[in-house]
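> quick one: sequence plus predicted model below, questions after.
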Amino acid sequence: MLSVENIRVAVAGNTVLRDISFTLPNGETTVLIGRNGAGKTTTLRAIMGLLPLAAGRILVNDRDLDGVATYERPALGLGYAPEDRRMIPSFSVRENLLLPTVALRFPETLKTERLRAVYDLMPELEELQNRSGGTLSGGQGKMVALGRALMVATDVLLLDEPFQGLAPVLAQSYARTLKKVRDQRPDLAVLVTESSPQLLGEVTDRALKIERGEISETTLAEAGH
Amino acid sequence: MRFALHAALVAAFALVPLAAPWLGFVFTLVLAKGLAALGVAILLRAGLISIGHAAFYALGAYAVAAMSENAVSDLVLQLIAATLVSALAGALIGLFLVRYRGIFFAMLNLAVSMVFYTLLSKMYHLTGGTDGLRVDTPTVFGAVIDRDTLEPILLYGGLALVIVVGLAVHRYLKSPMGEALPAVETNEIRLEYLGIAVPRVLLSAYTLSAALAGLGGGVHALLVGHVVPDLAYWTTSGQLVLVAVLGGIGGVVGPFVGSFFLEIVRSFAVIYVADTWNLIVGAGLLVVIFFLPVGLYGLLDRAVRRSAK
Amino acid sequence: MTAPLLSVEKVNVAFGGVQAANEAELDVMSGEFLAIIGPNGSGKTTLINLCTGYVKPKSGTIRLDGRDITRKKPREITKLGIARAFQIPQLFGEHTVVENLMLAVAAHQGFWDGWRPLNRPDFRAEAMRLLDMVGLADVAEANAATLPEGQRKLTDIALALALKPRLLLLDEPTAGVSGDEKFPLMDRLTAVLREQKVTAVFVEHDMDLVRRYADRVAVWNQGRVAASGPPETVFNDPMVLRDVVGVV
Amino acid sequence: MDVIIPMLVDGLAASAVIFFIAVGLTLVFSVLRVLNVAHGSFYSIGAYVAVSIGGLAASAGLNPWLSFPILLLSAALTAAALGPFIERTFIRWTYGKPEAVQILVTFALFLIFEDLQKLVFGVQSYYEDSAMQVLGTSEIGGIIYLNYQLLLIALAVLLIVALRVMLSHTRLGKLIVAVVADPEISQTLGINASRVYSAAFTIGVFLAALGGALATPTSGVAPGLGADAIVLGFAVAAIGGLGQIEGAAIAAVIVGITRVLAIYYAPAFEPVMPYLVMLAVLLVRPYGLFGAAQARRI
Amino acid sequence: QDKPADIGMGVFTFTSGPAAAYGMPGRNAAELMIEQINADGGIGGVPIKPTYVDEAQGGEGVVSEFRRLAEDPEMDVMVAALSSGNCMALAPVADQLQMPMVTWNCDTHQLFLNETHDYVFRPNSSTIPEFVAYAAYLSATDPEATRIAIINPDYAFGHDAAQIFTGAMKAFNPDVEVVAELFPKLGTASFNTEISRIAAARPDVIFSNLWGGDLENFIRQASARGLFRNSKVILALGESVLQRTDLPDGVIVGVLGDGWWMSPDAQANEETKAFVAAYKEKFGEYPVFPAMKMANTILAVKAAYEKAIEASDGWPTRDDLRDALEGLQVDNLTGSVTIREDHDGLVDQVVGVTEPTDDYDFPIIGEMARYPAEKITPPVGEDPMAWIGTLSPDFVSSLPAPGSYK
Ligand SMILES: Nc1ncnc2c1ncn2[C@@H]1O[C@H](COP(=O)(O)OP(=O)(O)OP(=O)(O)O)[C@@H](O)[C@H]1O
Ligand SMILES: Nc1ncnc2c1ncn2[C@@H]1O[C@H](COP(=O)(O)OP(=O)(O)OP(=O)(O)O)[C@@H](O)[C@H]1O
Ligand SMILES: CC(C)C[C@H](N)C(=O)O
Ligand SMILES: [Mg+2]
Ligand SMILES: [Mg+2]
């Protein structure tokens, strides 16, 4: 469970987010909708601590993230898949998936267990596991990024524009994966940003719309105009 | 207000040596190195750091020495030659170097200067090897003078020269070509997409900077009366960069302020704290970089403006 | 039908595995406004990079007025009359907005004069005129690096206009421009372009914008044109609706 | 043809020393993107520490074979004492700053260290060669060589292997590679990037100090050591392609061997060989042997 | 002019950088000698007040320091400099500022070659006699030696020496050939390649005028690699490191002059013994030849002053001192020196070979020859290189034999 309380965020001088507040209940998938430059990525980056808060606070399971460095947040169960797939090119897919567990010094048993779980969710990753991160296509990269986030995401999962640039076929299977995730992890709160929410139909529990740095409840229907 | 500051600087420069004549020598050295540092500063504006400009400084100096060896004794001719030779060398070397950026530009300048340094110390018959060459007291417009008259000529003539050159360089920096230099650092691609030939921008800057270094070297040679290969050694180049940044690369005056600072610190450090003058200069440099990115001149300038308000 | 101003013939380029241009074919007619739409990563920006010499194709030819420009440098192509605005604004961060513009004006009207200042009345006047047009006159003296994304975008477009091009390539001109400013901006822009008979190609994610300003739409997908024609036909093509969803 | 053997032994031994200098420089650059002029100071400080400790050990009559662990120890001490401190105080500040600034900050540090060394160790030259003595010599092709030279070659090879293993098979190695590839995403995956930077820089200091320490058994330590080391290190790092460990190794071999050849066939050019090689290489490959341009996405 | 409070003396030497290892003994000797002179009343009742200048700051720094001091009316004489480069740079300045300059160590023969310096004097020898002496000693002890290898520092001093030594050797024995000639740059740390190169050339003789830290490194590496076993070695500045490196026996060394603190003349001189003892006492090592050179040079200045005081009524001016230096003849700690009309010094050359001794924990010089200055110094005005060309084998036999100097 994640709650964002009146945060203000400025990027390179101009305020992008004004007094944003919302909560992500466990077991629910929330979509954050908004056109380019609305502030979706900024929101997620702020939650990951990549951007400083000018005001407000962010809590995970009622723990204030203030003073918790970015690199300490995955340990709290935050998983993040950025807008542009960002693989370590010289690592294999498997190494890329394991990287966060290496960083967090997971015991071997836990590592293999998590990896297993991810492979069960996304069998296609098991086939890719020996490909090097540099050679992945955009779509494949998105899938691996999701898997990598799931390796540590026990509480909160943040996905930035997962469908952007995905060929429709891939997009469908990605959506199915999200559905599985929600069904299998009732204690996981998921936030997906999207400028094109159509595909999210059957996954979404709630939709938030972000416009000129402010947030409002909405429904996919009206968002999808 | 700025004008007042500059006038004050010039006046101080002209008057102090009357009180302590040996400073006349140091001040003239300040002018010589300041010219070279100005050349380095021009390139720094484009984000290009040359750890090799001492080569052009030395080239100018040796050009003067070579001329006085070969009985071309007129000071004016000698300085013109020093400038032209270095400019030419700069243009030729620049042709290759303007393709490079960042570290690699620095490295290649270093390499070129070290090769030149070695040539200077190896070609005994031409360069007198490491003992270097004598530079005889020149004639001025044909008039034979002795060293005691040469030095004021170098100091005050040099000062006048620096003012003229400074104004010219100032205009250049304000011209489109000059304004394009920082643009090369911030966004070279956009310049290309404006149809501007970046190599040409840089080549002209490189040639100009080499010419300035050569002129400075010429003055140095006439002043010290003896040239040695060390003039081209990379530490000398490092010093020029240091001086430029110390003084501030924003304007034309900065490098001279930096050069002044360094020479004075050195002259007095060797008298009182002989063993730690590197330390002092190093610390000074850190202070400038961390706390006043505008350089010493920027500091002066601000101080003056503030006091003006 | 007249000969195309710009023509892209069987162009291929790949980055690692990604085929960013795949036997790409495209003609741009003189005077038209061509919109290019398509999913992210489909190769739209790459197309512009190809036409301006920033990316060199593995194979294929690009012609301006029938003249081969495939292997020319960006600055040579610019001199031939193609100007470009970037998806990520490309500005001179150490200069003020008006200085940015004056540099562009100088580039067009006489740059190689080391004696007269950049900041001379005629250059400044022209620069201010351009800033006025994109509605940035009031931030003229601001440092370009400090502008918000939207205004950076507009400055970038103004820089391209300063070159008085025959063909203008705009990469997502209104991305980052807040919604209420989009249309006024495009109105001013298109007015100027029409009046100066400038041919324009613009990459856009905003379909309303495309419907409203494009004479013709080319749908880019996986490095080539998937469909092309007047907006009304294209936007009724089911394939387009299916494949280009994800770009609203 | 009597050149071949000396060329290999002396050349490679020289290459080894050069490599020790360049590899730390290039490693630090590959991680921190900072070209560290002060690297030369760490080299000479390592040397001074080694002769000091070695001298004490010798005068205490310790077994000369202990001088090898002492060389390592000296490097480790130097790294521990200076690495994290310098990185946190000065280097960190220069991340992402223009090269000119980085070079000048580290150059200033270099100047300061030069005088600090003079104040601590004075100007006379020190030496401690028991390591060289105990190893003795061997005659190859009628010329007597120091076994220590052969040891240096072996150590250099060992070092390359060790670094490779470290980078691709240890936890720290993986983290370093990740941070180099993408500092920001690395943090979102739980990597403490700034700790990694510190570690990488400290390793760099260690390598520099090790190079200095390993040089002492054959050559005394005197002021000016660092200055020569750093320019040579730059040249080699640039030739190999900045940030390329294998590149540095190959560049070191080329430079070492060309210098030997020069001493045989054109002694006058020996000092410029590194620069001539650099000019030649960079004119053909502008980013060095193993380096490549990173085209800017627009 | 009447008596000043003290005699201002500028003393130029390397006190930092790699050359300091060689320059420091010079400074130490100056301190001690001046102390002693002042202790017994100074010169003509006036104490010397030294100002030390570090030559390591480079050409223009040294020049500007010289100027600054010269302008100070308190300053009366300059003892400068260690390096030939600096002497050449300072000489014209001395003439210009009419400041008497007495060189203490720089020894390039170029200094007075085709220039006259009215205010510059060298009460020391130049490279010509210094290196001719080594050639003479070698061909006397080892006439068969024909294959010579040379390894000298890569600057004028090294190159001149190579030229002079080979020139003389060829004059003494036409069969002499140079089988290897190397000029490693100053501050080289590892000479291994050079050593292999030399070893491969199988020379009878290895000549070197490396100095300071370079010399120490070379000796250590070369002796470890058996170079001293397979060839005869000449180390022109070997004496300056006798106490710091364990030099094998039988190496030809000398002192670029007569400044060997243990030479018969030196030992015969109570003053010298006292100086040596005091030096050892104060600085923990015996005075190497740069120290002796400095001491002798200061004695020359003292003598010049006394001569000037005689000559002039009132206290001597700078010009009086200059005049006194002309043709000065003075006995010093290790022998004597005469200043010729070209301002160059006539100094004997002492050469010998290292040999073990029970009295010290380092080798000393034995089998010495002391070559009389006038015999091995080219006459005034004669081109040195041409003069060397005129030498012949019987020149060698006309010189005192090795071992004759006891
Ligand atoms: N580095 C930056 N410098 C200046 N402005 C920035 C920077 N990064 C983001 N912005 C601005 O912050 C605002 C929000 O950016 P953000 O990336 O969060 O938008 P978004 O909703 O994710 O858009 P998209 O759908 O394109 O990802 C935009 O106006 C953008 O221009
Ligand atoms: N310089 C480059 N190096 C490597 N890959 C590149 C480069 N430029 C483009 N690509 C790849 O080529 C493909 C097309 O990129 P391009 O920028 O043209 O897409 P686009 O259509 O402009 O996408 P968007 O709408 O997001 O701007 C992408 O997969 C991109 O990753
Ligand atoms: C150390 C000295 C032997 C230097 C030499 N005398 C010179 O003139 O440079
Ligand atoms: Mg986004
Ligand atoms: Mg694009």
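Thanks, I have the structure now. Since the model is a prediction, treat every value here as computed from it, not as a measurement. Ligands and ions are numbered 1, 2, ... in the order given.
> buried ones in the one helix or strand residue D:161 maps to?
Using DSSP states H and E, residue D:161 sits within helix D:147-169. Burial within helix D:147-169, assessed by neighbour count using 16 or more other C-beta atoms under 10 Å in any protein chain shown, is assigned to D:148-153, D:155-156, D:159, D:163, D:167. Backbone N, C-alpha and C define where each C-beta goes, glycine included.
> can that helix be said to contact chain E?
Yes. Residues of helix D:147-169 contacting chain E under C-beta under 8 Å from any C-beta of the partner chain: residue D:149.
> other residues contacting that helix?
Applying C-beta atoms under 8 Å, 6 or more residues apart in numbering or on different chains, the external contacts of helix D:147-169 come out as D:9-10, D:12-13, D:15-17, D:19-20, D:23, D:27, D:131-132, D:135-138, D:172-174, D:176-177, D:207, D:214, D:217-218, D:245-246, D:249, D:252, E:192.
> repeat for stretch D:203-213
D:17, D:20-21, D:23-25, D:27-28, D:36, D:39-40, D:42-50, D:71-72, D:74-76, D:78-79, D:82-83, D:86, D:159, D:221, D:225, D:229.
> of these, which belong to helices?
D:17, D:20-21, D:23-25, D:27-28, D:39-40, D:42-50, D:71-72, D:74-76, D:78-79, D:82-83, D:86, D:159, D:225, D:229 (DSSP state H).
> what is the nearest of the buried residues of helix D:147-169 to residue B:210?
Proximity to residue B:210 was ranked across those by C-beta to C-beta; first place goes to residue D:156, at 39.6 Å.
> what's around residue 41, how many residues?
Reading this off chain A. Number of residues near residue A:41 (other C-beta atoms under 10 Å in any protein chain shown) recorded here: 22.
> my bad, chain B
Residue B:41: 29 surrounding residues under other C-beta under 10 Å.
> cool, the one 4 residues further on as well?
For residue B:45, the count of nearby residues is 21 (other C-beta under 10 Å).
> for it, which non-adjacent residue is closest in space?
With C-beta to C-beta, 6 or more residues apart in numbering or on different chains as the criterion, residue B:45 has its nearest non-adjacent residue at 4.2 Å, and that residue is residue B:181.
> ok, residue E:260 next?
Closest to residue E:260 by C-beta to C-beta, 6+ apart is residue E:350, at 5.1 Å.
> what pairs with the one you found across the strands?
For residue E:350, the beta-bridge partners are residue E:370 (DSSP bridges).
> equivalent analysis for the one 4 residues further on, please.
Under DSSP bridges, the beta-bridge partners of residue E:354 are residue E:365.
> now do it, the pLDDT please.
Per-residue confidence at residue E:354 stands at 95 (pLDDT).
> that older thread, put the buried members of the contacts of stretch D:203-213 into a ChimeraX selection.
Only the buried entries of the contacts of stretch D:203-213 go into this ChimeraX selection, using 16+ other C-beta under 10 Å:
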select /D:17,20,21,23,24,25,27,28,36,39,40,42,43,44,45,46,47,48,49,50,71,74,75,76,78,79,82,83,86,159,221,225,229
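> around chain B, which positions in the stretch 151-298 of chain D sit nearby?
Listed as neighbours of chain B in the stretch 151-298 of chain D under the rule C-beta under 8 Å from any C-beta: D:227, D:231, D:234-235, D:238, D:242, D:268-269, D:271-272, D:275-276, D:278-279, D:282-283, D:286-288, D:296, D:298.
> which ones among those residues are found in helices?
D:227, D:231, D:234-235, D:238, D:275-276, D:278-279, D:282-283.
> buried subset of the residues you listed?
The neighbour-count test (16+ other C-beta under 10 Å) marks D:227, D:231, D:234-235, D:238, D:275-276, D:278-279, D:282 as buried among these.
> next, the buried residues of the helix of greatest length in chain A.
Scanning chain A for the helix with the most residues, using DSSP H, yields helix A:168-184. Going by neighbour count (16+ other C-beta under 10 Å), the buried part of helix A:168-184 is A:170-171, A:174-175, A:177-178, A:181-182.
> over to stretch C:136-144?
Buried, per 16+ other C-beta under 10 Å, within stretch C:136-144: C:136, C:139-140, C:143-144.
> mind listing residues that contact that stretch?
The contact list for stretch C:136-144 (C-beta under 8 Å, 6+ apart) reads C:91-98, C:100, C:127-128, C:131, C:147, C:151-152, C:154-155, C:158.
> where does chain C dip in pLDDT?
Low-confidence segments of chain C, defined by pLDDT under 70: C:1, C:17, C:40, C:148-149, C:175-180, C:242-248.
> who in it is up against ligand 5?
Contacts of chain C with ligand 5, taken as C-beta under 5 Å from the ion, map to C:44-45, C:87.
> cool, and chain A?
Close to ligand 5, as judged by C-beta under 5 Å from the ion, chain A has no residues.
> okay, helices next: where are they in chain A?
Ranges of helices in chain A, per DSSP H, are A:40-47, A:93-103, A:108-121, A:123-128, A:138-152, A:168-184, A:220-223.
> nearest to chain D, of the ones you listed?
For these, the distance to chain D is smallest for helix A:93-103, at 3.9 Å, taking C-beta to the nearest C-beta.
> same for that closest one, what does it pack against?
Under the contact definition 3 or more C-beta pairs under 8 Å, 6 or more residues apart in numbering or on different chains; DSSP states H and E, helix A:93-103 sits against helix A:108-121, helix A:123-128, helix A:138-152, helix D:171-181.
> for the third one, list the C-alpha coordinates in CSV.
These are the backbone C-alpha positions of helix A:138-152, laid out as CSV (Å, rounded to 0.1, in the frame of the first residue of the first chain):
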residue,chain,number,x,y,z
GLY,A,138,11.9,-2.5,-27.6
GLY,A,139,9.1,-4.9,-26.8
GLN,A,140,11.2,-7.6,-25.4
GLY,A,141,13.0,-5.0,-23.3
LYS,A,142,9.7,-3.9,-21.9
MET,A,143,8.9,-7.5,-20.8
VAL,A,144,12.3,-8.0,-19.2
ALA,A,145,12.0,-4.6,-17.4
LEU,A,146,8.6,-5.8,-16.0
GLY,A,147,10.3,-9.1,-14.9
ARG,A,148,13.2,-7.2,-13.3
ALA,A,149,10.7,-5.0,-11.4
LEU,A,150,8.8,-8.1,-10.2
MET,A,151,12.0,-9.6,-8.8
VAL,A,152,11.9,-7.2,-5.8
